[in-house]
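Student: Kindly generate the corresponding structure for this input.
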Amino acid sequence: MSVKESIERQIVKLPQGEPFTNTRFLRLGSRAAVDKAMSRLVEAGVIQRVARGVFVRPKQSRFVGVVMPDVSRVVEVIAKEHGETIQVHGAEAARRFKLSTQMPTAPVYYTSGPTREICIGKLKVRLVHTSSQRKLQHAGKRPGLALSALWYLGKNNISTEVVKRIKEGLSEEEFETLLSSRMPAWMSEVFRQYETGRVHG
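Tutor: Numbering: from 1, shown residues only. Predicted structure coming up:
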């Protein structure tokens, strides 16, 4: 069986619309053989290339045709491939918690890896390096998203009202996780004021 046939057999078992990288097939042949086979499968329409080294089994919708995978899923796959930790950028995190109406012009993520730009389809995505482990806590989870939003808003723009809004967007358990996170003093202080206000309110 050729490398291409071996890979195709594996691919048909993968869920449609779920991104994957070509490295998962390296045990089936040399890098060059795998790359060539993937290119031929793209040409045949069996798979679609969504970013460099990232592919997907096309998912069809009768309303919009081919459905592209979620950008955050593609970024997660790329980050995992490079052993990086990624976190949604604060501007987008604040918008998701309805703390800001500003729409980032292009998706931005913090990463433990190098700062760079990647193309996902026609979309340019920026990965911005941060060496702060505190900014990458609970990456990919809602408490992490909340921390990202708080860092972005900064010392002068967070209040007990902001904490209240964030709490509304989290489950009890997620809020507890957020409270036990490593934070700068100015952030902890606002949470302390919020908790005190609830006790005395």
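Student: May I have the strands that pair with the longest strand along the chain, each with its orientation?
Tutor: Secondary structure of the chain per DSSP state E: the longest strand is strand 123-129. Using DSSP bridges, strand 123-129 pairs in its sheet with strand 108-111 (parallel), strand 116-120 (antiparallel).
Student: looking at those, which is closest to residue 152?
Tutor: Comparison of these against residue 152 by C-beta to C-beta identifies strand 108-111 as nearest, at 10.1 Å. For the C-beta atoms, the positions are set from N, CA and C on the backbone; glycine is no exception.
Student: What is the distance between the closest one and the centre of its chain?
Tutor: 8 Å (C-alpha atoms, centre = their mean, to the nearest Å).
Student: How about stretch 130-141?
Tutor: In this view, stretch 130-141 has its centroid 12 Å away from the chain centroid, taken as C-alpha atoms, centre = their mean.
Student: got it, and stretch 190-201?
Tutor: That offset, for stretch 190-201, works out to 32 Å (C-alpha atoms, centre = their mean).
Student: So what touches stretch 132-143?
Tutor: Residues outside stretch 132-143 that contact it (C-beta atoms under 8 Å, 6 or more residues apart in numbering): 76, 85-87, 110, 112, 130, 144, 147-148, 151, 169-171, 174-175, 177-178, 181-184.
Student: err, stretch 156-175, not the other one
Tutor: For stretch 156-175, the surrounding residues in contact (C-beta under 8 Å, 6+ apart) are 96-99, 141-143, 146, 149-150, 153, 178, 186-187, 190-191, 193-194, 197.
Student: Please repeat the previous calculation with a cut-off of 6 Å.
Tutor: With contacts defined as C-beta atoms under 6 Å, 6 or more residues apart in numbering, stretch 156-175 is touched by 97, 99, 142-143, 146, 150, 190-191, 193-194, 197.
Student: what about the nearest residue to residue 28 once chain neighbours are set aside, which helix or strand?
Tutor: Closest residue in space to residue 28, ignoring its immediate chain neighbours: residue 6 at 4.6 Å, by C-beta to C-beta, 6 or more residues apart in numbering. Using DSSP states H and E, residue 6 maps to helix 3-11.
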